[in-house]
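Participant: Just a sequence and a predicted model for now, questions to come.
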Amino acid sequence: MINKDRWVEIMRAAGLDDRDMQNWHSQFEKMEPEAHQEFLESLGIDPGEIRKIREWSRKG
């Protein structure tokens, strides 16, 4: 299982900065909101943080 910290490491290693990651989340939320929720849950992120990530993603 990959956790949040490891996923961030992978994204950084792929060359994504904070702005790129926000865009990634924004597009995921816009195109597949329920899959985005499931993905965040799969990383073991607590519900409160998931809510914040999804709100942040909608602001794009």
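Facilitator: On my side now, so go ahead.
Participant: Every contact and neighbour count from this point should use C-alpha atoms.
Facilitator: OK.
Participant: most centrally placed residue in this structure?
Facilitator: In the chain, the residue lying closest to the centroid (C-alpha atoms, centre = their mean) is residue 25, at 4.8 Å.
Participant: That one: helix or strand, and which one exactly?
Facilitator: Secondary structure from DSSP states H and E places residue 25 in helix 18-31.
Participant: Pull out the buried residues from that helix.
Facilitator: Buried positions in helix 18-31, judged by neighbour count with 16 or more other C-alpha atoms under 10 Å: 21-29.
Participant: what does stretch 31-51 give?
Facilitator: For stretch 31-51, a neighbour-count test (16+ other C-alpha under 10 Å) marks 33, 36-37, 40, 50 as buried.
Participant: Identify, from those residues, the entry nearest to residue 1.
Facilitator: Among these, residue 40 lies closest to residue 1 (C-alpha to C-alpha), at 12.4 Å.
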